[in-house]
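K.L.:
predicted model and sequence below, questions to follow.
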Amino acid sequence: MQQSQVETDSVTDAPPHRTTELADTGTSGSGGKHRKRKPPNITVKSAPGKPLDLDMEPIDAVRLVSAFGTAEPSFASWMLNGIINAACNGAPAHPPGAEAINDALAAVTGIGARDETEGMLATQMVATHFAAISALRRLKGAETFHQQDSNGNLAVKLLRTFTLQIEALQRYRGKGQQKVTVEHVHVNAGGQAIVGVVHAQGVNADKSDQTDAMREIADAPDTPLRCSNPERRPLPIARGARKTSL
């Protein structure tokens, strides 16, 4: 299938710096707070066999570059072309309409890309989701076992890929690991603060105590052991005991 060519001359009129219209503050899916972005609204004029003619207001051009985490209109146009070809139903005879394109852009905007790397990953995520849903739709309408097996395996691979893309985005944003730092420790009067490894009561604790005791004895060579008969007095022999010469 021939890929659609996109003409986005109006995008080049966007300001060279990043300017994003922001709305209410919300919470992102990864747990961090961010400001919601408004997706761009694009008008599409299409004709069979001809490139798409896209038109948008200046504010929508700004929203478009912001949706892909960039300030370069050429990069935004490249990502937009990829979204149209990979995440919108269409063909040269029946190109995608404005509704499908704007829905895909709304999904990209919702991910909230912060730079070009996140913009490319957001584009891939939307395209992967679209492909997975398409495979599930074909699986539902499959009539033979071969079709069910092929579409089912494809859907599973795409869904796993989408999960890996989410994890990659979280790691890139530094949210894959959580670090907890304790700044202050307060100990009330009469209490004790323990710093180190604390063993619970049980078999492991008993073995640890025995090992520590043996280590203390081995590490103290200057401590003499007390003898039970320090003066070496002769021990009395009980009556009736046989005396034998040594």
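P.N.:
Thanks, I have it.

K.L.:
scan the protein for its longest helix.
P.N.:
helix 145-172 (DSSP state H).

K.L.:
report all helices and strands that that one contacts.
P.N.:
When contacts are defined as 3 or more Cβ pairs under 8 Å, 6 or more residues apart in numbering; DSSP states H and E, helix 145-172 packs onto helix 116-140. Backbone N, C-alpha and C define where each C-beta goes, glycine included.

K.L.:
could you give me the buried positions within the longest helix of the chain?
P.N.:
The neighbour-count check on helix 145-172 (16 or more other Cβ atoms under 10 Å) flags 151, 154-155, 158-159, 161-162, 165, 168-169 as buried.

K.L.:
now the angle from it to helix 116-140?
P.N.:
Orientation of helix 145-172 against helix 116-140 (axes from the mean of the first three to the mean of the last three Cα atoms, to 10 degrees) gives an angle of 160 degrees.

K.L.:
now helix 145-172: average pLDDT?
P.N.:
Across helix 145-172, the average pLDDT comes to 96.

K.L.:
so where do the strands sit in the protein?
P.N.:
Assigned by DSSP state E, the chain shows strands spanning 6-7, 22-27, 33-37, 43-45, 52-55.

K.L.:
can I get stretch 110-120 in PDB? Just the C-alpha atoms.
P.N.:
Only the C-alpha atoms of stretch 110-120 are listed here, as PDB (Å, rounded to 0.1, in the frame of the first residue of the first chain):
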ATOM      1  CA  GLY A 110      -2.100  12.600  26.200                       C
ATOM      2  CA  ILE A 111       1.300  10.800  26.600                       C
ATOM      3  CA  GLY A 112       2.900  14.200  27.100                       C
ATOM      4  CA  ALA A 113       6.200  14.000  25.300                       C
ATOM      5  CA  ARG A 114       8.900  16.200  26.800                       C
ATOM      6  CA  ASP A 115      11.500  15.900  24.100                       C
ATOM      7  CA  GLU A 116      12.100  14.400  20.700                       C
ATOM      8  CA  THR A 117      13.000  11.000  22.100                       C
ATOM      9  CA  GLU A 118       9.700  10.800  24.000                       C
ATOM     10  CA  GLY A 119       7.900  12.200  20.900                       C
ATOM     11  CA  MET A 120       9.200   9.300  18.800                       C
END
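
K.L.:
for the record, mean pLDDT for that stretch?
P.N.:
Averaged across stretch 110-120, the pLDDT comes to 96.

K.L.:
contacts for it, please.
P.N.:
Defining contact as Cβ atoms under 8 Å, 6 or more residues apart in numbering, one finds that stretch 110-120 is touched by 28, 34, 37, 39, 67-70, 72, 75, 79, 108, 121-122, 125-126, 169, 172-173.

K.L.:
now stretch 92-102
P.N.:
Here stretch 92-102 makes contact (Cβ under 8 Å, 6+ apart) with 1-2, 4, 39-44, 46, 48-49, 52, 54, 83-84, 88-90.

K.L.:
end to end, how far does it reach?
P.N.:
19 Å (Cα to Cα, to the nearest Å).
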